[in-house]
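Enquirer: Structure for the following, please:
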Amino acid sequence: MALRLFLSSLTPKKVAEQNNTDTATSLKRKQKMTKLHTQQSRGREQFFKTIIVLMVIFFLPVASDETPASEQDPVKFTVITLDATIKSVDAKAHTITVQKKDKTSELDVSRKAKITLFDKDATLEALKAGQEVTLTFHTELEIVLKIEASKKPELSEVLNLSELNTSETDMTPWLSSDGLTIYWSAGTFPSDWWIWTASRKDASSLFKNKKRLFRGHSPVVSHDGLELIFNAPDSPKFFATTRDSTEDEFRRPRVIEELRFSEENQSAPRSLSHDGLSLYFDYLDKKHNPKFEIWFTTRKNRNSDWKPAQPVKISTQDALKGLQFTQPYLTDNQLEMYVVVGKESENPNIRFGILLRKTLDEPFSSIRYIDLKDDKGPFPNCLTPRYVHATQELFLISRLLFRFDDETKKNGIDLWVVKDFIPPPAP
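Expert: This is a model prediction of the structure:
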């Protein structure tokens, strides 16, 4: 009865209005559903795109020479591999510029890209100009999915620092952490040695503003550039000098009394740790041991005295048995040490190497050799390796890299730099 009364109360006009209202409501509902379906469709499309990228990254198909992936795959994409040479790397922008034959291309690198260096996991920052790489590239997404840098450059570019070298002996280079300021020794044996410094705008520029500082040799400088430690030119004494900023001049040097050695000893600073609290040096006790050893000393803070020095622990077992190590240069974490390696029975046969230890309390127990060569063969008799991570350069000294007798006789021992140097990977 109530339903009949409700229906009878509706006039045709009211019915029409009700129908119009229903139609409008239905239209709005349809529009809302259409919009919802569109959003869902876009969401599904974005979801499937993400799935495709992840599948490409983690389940790469076997494809090369621009061969499409298998037609049986539910997701179809094209992946190619190509060999190229790195021109530059921008790790921050995640791009890599490579050259293949005469063509140079800048490519985007996926943030989940698999990167290996000498068959070990690596980061984009570890890749440098001049390396040969194999790239796995998605042609539709236009992105690099995998980079393999398994081919170590066979030849090294070594350059003479002719803007610094003299006709006398130039030796013991020390570089600032950014590689833009150099300190070294120049002079004649045994006592006429001077410490010099120079700077450059960038790694591609020449060093300029050559300046003589103090009488002495074997300079090492703190990471912040505010402290300089060196050897007296004619006695086994270590000197130190400081300054308030890198724009200031160093103060008059003073003797480090607690590191004063006897006349029977011969020593030279070689490396200062990143925090400035550990000093490594070559030490020779002429009376008791006729060969150089690597010693070190520590201090509590930059204003404290140095503690009594002691030998660096180096294993004498396995691959290190019968070897002699000198001229240490420590990495920032002090777990790797660049050294000159010689066999005790064959002193002229020297090589560069990197000693490794797992913790600061353990002895150095393994070594990776650095065997440099150019188109004329291995580099002969190089000394004092100094690696600059910021510029990927290895500084050293030698008198034989000119490869011509007349140049060798004319120039003597000189400062050199190996460009685009990539240290051998840790085992």
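Enquirer: Scan the chain for its longest strand.
Expert: The longest strand of the chain (DSSP state E) is strand 103-117.
Enquirer: Pull the residues that contact the following helix or strand past it.
Expert: For strand 103-117, the succeeding helix or strand toward the C-terminus, using DSSP states H and E, is strand 120-121. Strand 120-121 is contacted from outside by 115, 425, using CB atoms under 8 Å, 6 or more residues apart in numbering. For the C-beta atoms, the positions are set from N, CA and C on the backbone; glycine is no exception.
Enquirer: show me where the stretch 201-350 of the chain has strands.
Expert: 208-215, 217-221, 227-231, 238-242, 254-255, 265-272, 278-285, 289-298, 310-311, 323-330, 336-343, 346-356 (DSSP state E, counting those that start in this stretch).
Enquirer: Which one of the ones you listed lies nearest to Ser177?
Expert: strand 217-221 (9.3 Å; CB to CB).
Enquirer: From the chain's centroid, how far away is the closest one?
Expert: How far strand 217-221 lies from its chain's middle: 23 Å, per CA atoms, centre = their mean, to the nearest Å.
Enquirer: what's the answer for stretch 287-306, then?
Expert: The answer for stretch 287-306 is 28 Å, by CA atoms, centre = their mean.
Enquirer: Which residues belonging to that stretch are considered buried?
Expert: Buried residues in stretch 287-306, counted by 16 or more other CB atoms under 10 Å: 292-297, 306.
Enquirer: can you give me the end-to-end distance of it?
Expert: Start-to-end span of stretch 287-306 (CA to CA, to the nearest Å) is 24 Å.
Enquirer: Now for Pro161, how many residues are close by?
Expert: One correction, residue 161 is Leu, not Pro. By the criterion of other CB atoms under 10 Å, Leu161 has 19 neighbours.
Enquirer: Spatially nearest residue to it, not counting backbone neighbours?
Expert: Nearest non-adjacent residue to Leu161, counting by CB to CB, 6 or more residues apart in numbering: Leu415, 4.3 Å away.
Enquirer: for the one you found, helix, strand, or coil?
Expert: strand (DSSP: H, G, I helix; E, B strand; the rest coil).
Enquirer: Now for it: which residues touch it?
Expert: 160-161, 164-165, 170-171, 173, 182, 184, 395-397.
Enquirer: And Thr197, by the same measure?
Expert: Per CB under 8 Å, 6+ apart, neighbours of Thr197: 181-184, 210-211, 213.
Enquirer: Tell me the confidence at the residue nearest to Leu161?
Expert: We have a pLDDT of 96 for Leu415.
Enquirer: what bridges to it?
Expert: Ile397 (DSSP bridges).
Enquirer: wait, what's in contact with Leu272?
Expert: Here Leu272 is in contact with 220-223, 227, 229, 278-280 (CB under 8 Å, 6+ apart).
Enquirer: That one: what's its closest spatial neighbour, skipping adjacent residues?
Expert: Val220 (4.4 Å).
Enquirer: what pLDDT does the one you found get?
Expert: Listed pLDDT for Val220 reads 98.
Enquirer: Low-confidence regions, the stretch 1-150 of the chain specifically.
Expert: For the stretch 1-150 of the chain, the stretches with pLDDT under 70 are 1-77, 150.
Enquirer: Likewise for the stretch 301-427 of the chain?
Expert: For the stretch 301-427 of the chain (pLDDT under 70), the answer is 344-349, 403-411, 427.
Enquirer: could you pull out the helices for it?
Expert: Per DSSP state H, counting those that start in this stretch, the stretch 301-427 of the chain carries helices over the ranges 405-411.
Enquirer: which parts of the longest strand of the chain are buried?
Expert: Those buried within strand 103-117 under the rule 16+ other CB under 10 Å are 107, 109-110, 113-117.
Enquirer: Stretch 134-152 now?
Expert: So for stretch 134-152, counting by 16+ other CB under 10 Å, buried means 134-138, 141, 143-149.
Enquirer: So which of the residues you listed is the closest to Ala426?
Expert: Ala149 (15.4 Å).
Enquirer: Verify the stated contact: that closest one with Phe118.
Expert: Yes. Between Ala149 and Phe118 a contact is recorded at 7.2 Å, counting by CB atoms under 8 Å.
Enquirer: circling back: from Ile256, how far out is the residue nearest to Leu272?
Expert: Per CB to CB, to the nearest Å, Val220 is found 12 Å from Ile256.
Enquirer: what's the burial count for the closest residue to Leu127 other than its chain neighbours?
Expert: Computed as CB to CB, 6+ apart, the closest residue to Leu127 that is not its neighbour in sequence is Val89, at 5.0 Å. By other CB under 10 Å, the residues close to Val89 number 21.
Enquirer: Is Val89 in a helix, a strand, or coil?
Expert: strand.
Enquirer: Identify the residues contacting it.
Expert: Val89 neighbours (CB under 8 Å, 6+ apart): 95-97, 124-125, 127-129.
Enquirer: give me the beta-bridge partners of the nearest residue to Glu168 once chain neighbours are set aside?
Expert: Nearest residue to Glu168, sequence neighbours excluded (CB to CB, 6+ apart): Thr188, at 5.4 Å. In this entry, Thr188 is beta-bridged to Asp192, by DSSP bridges.
Enquirer: Same check on Gly377?
Expert: Going by DSSP bridges, Gly377 forms beta bridges with Asp374.
Enquirer: Against Val255, how distant is it?
Expert: Taken as CB to CB, the span from Gly377 to Val255 is 45 Å.
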